[in-house]
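Novice: Fold the following for me, if possible:
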Amino acid sequence: MPWHRAVLRSMRPRQWAKNGLVVAAPLSAAAFDSVSVYGTVVATFLAFTLAASAVYLLNDVRDRDSDRLHPVKRLRPVAEGLLSTRSALAVGAVLATAGLALAWVIEPDLGVTVSVYIALQVAYAVWLKHQAVLDIAVVASGFLLRAIAGGVAVGVPLSQWFLLVAGFGSLFVVAGKRFSELHTVGVEQGTRRSLSAYSESYLRFVWSIAAAVTITAYSLWAFEISGDEGINWQALSIAPFTLGLLRYAVDIDRGVAGEPEEVIIGDHILQALALVWLGLFVLGVRS
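Specialist: Presented below is the predicted three-dimensional model:
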């Protein structure tokens, strides 16, 4: 495999979809009213893509031995020996530097946000991934920081309900990811020592609680931002939002939600629910 293809695979393009969360805050605040806002959001997406790709490369280097024991992760270029650890770390350093530089140019507060993201992810790769509960919290913080980054970059205020939905929604996804990993490969063959501290019943408890808080917070947020006249589009959006979480929970319960982007790409019903929710939410914001 050519060197550049091995690097690109290690950057995990399919997971770049997660960086789309930078759209959440500007969208909820109806901030897409100028070309400059679109440009800022796209640049923020790029900054997080560079930073996240750097983190993936570091993780692949740190986990190369355990990845070789995993049925899927053993195919990663570093684990397969297609990309040397030195090359992976060098490319990762360049990507992290570029992502940080771009974030600081866009907005200093965004630079701080991306810096916090990278610091947490490095700590995760080095130590925290093996600490029960903390590993889930750090991964969830990665989703939350993406959602925060969009608001910081554009300069829109972040409501308490938005932060609760983003935070507990992230916890729901990450706990489901761990549940699926435990369900699929088990503790014996798992690549994370922290898995030995979890049981399926505990992780089910975590993602169930997270889902309940996410739905409750979203409902309260939807009613808070609803207009006083006309159709209450935000309130109507609660239905597809809830159904979407319940649909995703089916995949968690089956133990096949190890990669969130794979679940979304492969589930057309979930995609349809997301489009219906997005349509209703945008109508509410615009009305």
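Novice: Flag every buried residue along stretch 235-249.
Specialist: Neighbour-count burial for stretch 235-249 flags Leu236, Ser237, Ile238, Pro240, Phe241, Thr242, Leu243, Gly244, Leu245, Arg247, Tyr248, Ala249 (criterion: 16 or more other CB atoms under 10 Å). Using the backbone N, CA and C atoms, a C-beta is placed for each residue, glycine as well.
Novice: Among those, pick out the one closest to Ala31, please.
Specialist: Ranked by distance to Ala31 (CB to CB), the buried residues of stretch 235-249 are led by Ser237 at 18.2 Å.
Novice: Buried residues of the lowest-mean-pLDDT helix or strand in the chain, list them for me.
Specialist: Ranked by mean pLDDT, DSSP states H and E, the weakest helix or strand in the chain is helix 64-67, scoring a mean of 77. Within helix 64-67, the residues scored as buried using 16+ other CB under 10 Å are Arg64, Asp67.
Novice: next helix or strand past that helix?
Specialist: Remark: after helix 64-67, the chain's next helix or strand is helix 77-80, criterion DSSP states H and E.
Novice: Let's see the pLDDT reported for the residue nearest to Ala217 when sequence neighbours are not counted.
Specialist: Leaving aside its sequence neighbours, Ala217 sits nearest to Leu164 (CB to CB, 6 or more residues apart in numbering; 3.9 Å). Per-residue confidence (pLDDT) for Leu164: 93.
Novice: Ok, the one 3 residues further on next?
Specialist: On the pLDDT scale, Gly167 is placed at 92.
Novice: Now for the nearest residue to it once chain neighbours are set aside, how many residues are close by?
Specialist: Nearest non-adjacent residue to Gly167, counting by CB to CB, 6+ apart: Leu144, 5.1 Å away. By the criterion of other CB atoms under 10 Å, Leu144 has 19 neighbours.
Novice: what sits against Leu144?
Specialist: Taking CB atoms under 8 Å, 6 or more residues apart in numbering as the criterion, Leu144 is in contact with Leu163, Ala166, Gly167, Ser170.
Novice: same deal with Val250?
Specialist: Residues near Val250 by CB under 8 Å, 6+ apart: none.
Novice: before we move on, what about the one 3 residues further on?
Specialist: By CB under 8 Å, 6+ apart, the contact set of Asp253 is Arg204.
Novice: Distance-wise, check Asp253 relative to Leu203.
Specialist: When distance is defined by CB to CB, to the nearest Å, Asp253 is 11 Å away from Leu203.
Novice: and what of Pro108?
Specialist: Pro108 is 38 Å from Leu203, by CB to CB.
Novice: Between the two, which is the more surrounded one?
Specialist: Ranked by neighbour count (other CB under 10 Å), Pro108 and Leu203 place Leu203 first, with 23 against 11.
Novice: and whichever strand or helix holds Val263, what does it pack onto?
Specialist: Counting by DSSP H and E, the element that carries Val263 is helix 260-266. Other elements packing on helix 260-266 under the criterion 3 or more CB pairs under 8 Å, 6 or more residues apart in numbering; DSSP states H and E are helix 268-286.
Novice: So which bits of the helix it packs on are buried?
Specialist: Under 16+ other CB under 10 Å, the buried positions of helix 268-286 are Leu270, Leu273, Ala274, Val276, Trp277, Leu280, Phe281, Val282, Gly284, Val285.
Novice: which ones are touching the closest residue to the third one other than its chain neighbours?
Specialist: It stands for Ala274. Distances taken as CB to CB, 6+ apart put Gly244 closest to Ala274, at 5.9 Å, once the chain neighbours are dropped. For Gly244, the contacting residues are Leu270, Leu273, Ala274, Trp277, by CB under 8 Å, 6+ apart.
Novice: So Gly244 versus Val256, what's the distance?
Specialist: 17 Å.
Novice: Show me the helices in the protein, by range?
Specialist: Taking DSSP state H to define them, one finds helices in the chain at 3-10, 24-28, 35-62, 64-67, 77-80, 85-106, 108-126, 134-154, 160-189, 200-225, 233-236, 238-254, 260-266, 268-286.
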